[in-house]
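Trainee: After the sequence you'll find the predicted model.
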Amino acid sequence: MDFLNQILRIPLDQLPYFLITLIIAFTVHEFSHAYFANKFGDPTARLQGRVTLNPAVHFDLFGVILLLIAGFGWARPVPVNRDNFEKPRQMGIIVTAAGPLSNLLLGFLGTMIYVALSQFGILSMITNEILFNAVHNFFIIFNIMNFFLFLFNLVPLPPLDGYRLLEDIVPDHVRIKLKQVEQWSILIFLIILIIPPLRNVTIEPLYTGARTIFSQFTSFFIMLFGG
């Protein structure tokens with residue numbers, strides 16, 4: 001147990017909440033990519049069984065382990081063939097943005113439910129301390145992690161969605177140059193992981209941003225529900 005506490009970024013007592021959160025967040029994220037790609041005429045993801053809410057087909061083991069150890073990671077990318085789109089760039093942007101936006105929506109809905117449970121006294125009705133803490137901790141982790149995944153996936157490095165968005169926005173000659181750095185993406189992430197000063201100015205601000213978004217949405221819903 002001590003060994004696991006040393007290598008995991010996530011405290012062991014909070015690990016179940018993180019795993020449940022990742023199952024939901026990664027599954028909805030990748031499903032959103034696959035759903036819109038199929039809707040716009042690209043059957044690639046559907047033919048590989050990715051237009052589904054089955055978590056097993058979306059998980060990337062290395063990405064999940066990295067998230068638990070380093071605080072950042074990813075699911076198994078959905079294959080998309082933009083040549084099948086009627087308008088490759090415009091539809092490609094929508095398909096790519098659907099993933100991060102799904103995490104923003106999950107965090108938004110999760111925060112609304114959490115505040116509603118608190119404001120209407122439903123949480124206070126839970127007299128069992130263990131159950132109360134479990135519900136409270138789950139919602140906090142679920143919401144902050146979804147807001148973090150929203151921000152993290154907008155980082156313009158492969159294999160993240162921010163990079164795919166950048167590809168669809170920039171001119172063709174810039175896109176060709178971007179292709180040349182794709183092979184270095186894993187190395188870049190490992191460097192960020194190994195060198196704390198780099199992590200402090202790259203990954204940590206995203207967690208700060210996620211907590212800020214959660215706080216702002218919480219304040220909004222408290223006001224909305226008359227708190």
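Mentor: Yep, it's here.
Trainee: rest of the way, CA atoms for contacts and neighbours
Mentor: Noted.
Trainee: how many other residues sit next to Ile194?
Mentor: For Ile194, the number of neighbouring residues by other CA atoms under 10 Å comes to 11.
Trainee: Need phi/psi at it.
Mentor: Backbone torsions for Ile194, taken as degrees, to the nearest 10, come to phi -80, psi -30.
Trainee: what's Val115 in contact with, if anything?
Mentor: Contacts for Val115 (CA atoms under 8 Å, 6 or more residues apart in numbering) come out as Thr218, Phe221, Ile222.
Trainee: Out of these, which sit inside helices?
Mentor: Thr218, Phe221, Ile222 (DSSP state H).
Trainee: And the residues you listed, which is closest to Pro77?
Mentor: Proximity of those to Pro77, judged by CA to CA, is greatest for Thr218, which lies at 31.2 Å.
Trainee: thought the closest one was touching Leu109?
Mentor: No. Look at Thr218 against Leu109 with CA atoms under 8 Å: they stay out of range, at 10.8 Å.
Trainee: And those two? Which one has more around it.
Mentor: Neighbours per residue, other CA under 10 Å: of Thr218 and Leu109, the larger number sits with Thr218, 18 against 14.
Trainee: Contact partners for the more buried one?
Mentor: Under the criterion of CA under 8 Å, 6+ apart, the neighbours of Thr218 are Thr111, Met112, Val115.
Trainee: and with 10 Å instead?
Mentor: Phe108, Thr111, Met112, Tyr114, Val115, Ala116, Thr212, Leu224 (CA atoms under 10 Å, 6 or more residues apart in numbering).
Trainee: mind checking the SS state of the residue sitting furthest away from the middle of the chain?
Mentor: In terms of distance from the mean C-alpha position of the chain, Thr127 ranks first, at 32.7 Å (CA atoms, centre = their mean). The three-state assignment at Thr127 reads coil, by DSSP: H, G, I helix; E, B strand; the rest coil.
Trainee: In terms of helices and strands, where is Pro158?
Mentor: Per DSSP states H and E: Pro158 is located in neither a helix nor a strand.
Trainee: That one - how many residues pack around it?
Mentor: 20.
Trainee: Thought Gln180 was touching it, still the case?
Mentor: No. Using CA atoms under 10 Å, Pro158 is not in contact with Gln180; the gap is 11.3 Å.
Trainee: re earlier: show the pLDDT at the residue farthest from the centre of the chain.
Mentor: Listed pLDDT for Thr127 reads 93.
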